[in-house]
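[1] sequence first, predicted coordinates after that:
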Amino acid sequence: MLINLVYLVIFLILIYVIYIAVKAINTGMQAKNSNKLSDNIKNADYTYTENGSISDELIRLNDLFESEVITKEEFEKAKKKLLDK
């Protein structure tokens, strides 16, 4: 009976360690994606060209926001940068 209790405790500890590992990996992946998106926004030139207009860029930004590729803050920052030019 005591050995079963020890096995149960070991099993619960193992489950907890796996939970912490998955949570850490998920947090790291989110941070990596966030950095990648912010770099893309910083490097993007949001001025309009002969082939596109500001409204086309706003539509593209809105599509990225609605598909949850960029956050609300990133959307607002990019929109402000686009409209200030």
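    Nice, thanks for sending it over. Here the structure is a predicted model, which means the values were calculated and not measured.

[2] where in the chain is pLDDT low?
    For the chain, residues meeting the criterion pLDDT under 70 lie at 40-52, 85.

[3] which one's the longest helix in it?
    Using DSSP state H, we find that the single longest helix of the chain is helix 2-43.

[4] domains in the chain, by residue range?
    1-34, 44-85 (automatic domain parsing).

[5] give me the phi and psi for T71.
    According to degrees, to the nearest 10, the main-chain angles of T71 amount to phi -80, psi 170.

[6] before we move on, the earlier item: which of the domains of the chain is buried the deepest?
    domain 44-85 (a mean of 13; mean count of other C-beta atoms under 10 Å). C-beta coordinates here come from the backbone N, C-alpha and C atoms, glycine included.

[7] distance from the chain centre to it, please.
    Between the centre of domain 44-85 and the centre of its chain there are 17 Å (C-alpha atoms, centre = their mean, to the nearest Å).

[8] and if you look at stretch 3-14?
    For stretch 3-14, the separation from the chain centroid amounts to 37 Å (computed by C-alpha atoms, centre = their mean).

[9] same question, stretch 29-41
    Using C-alpha atoms, centre = their mean, the distance from the centre of stretch 29-41 to the centre of the chain it belongs to is 6 Å.
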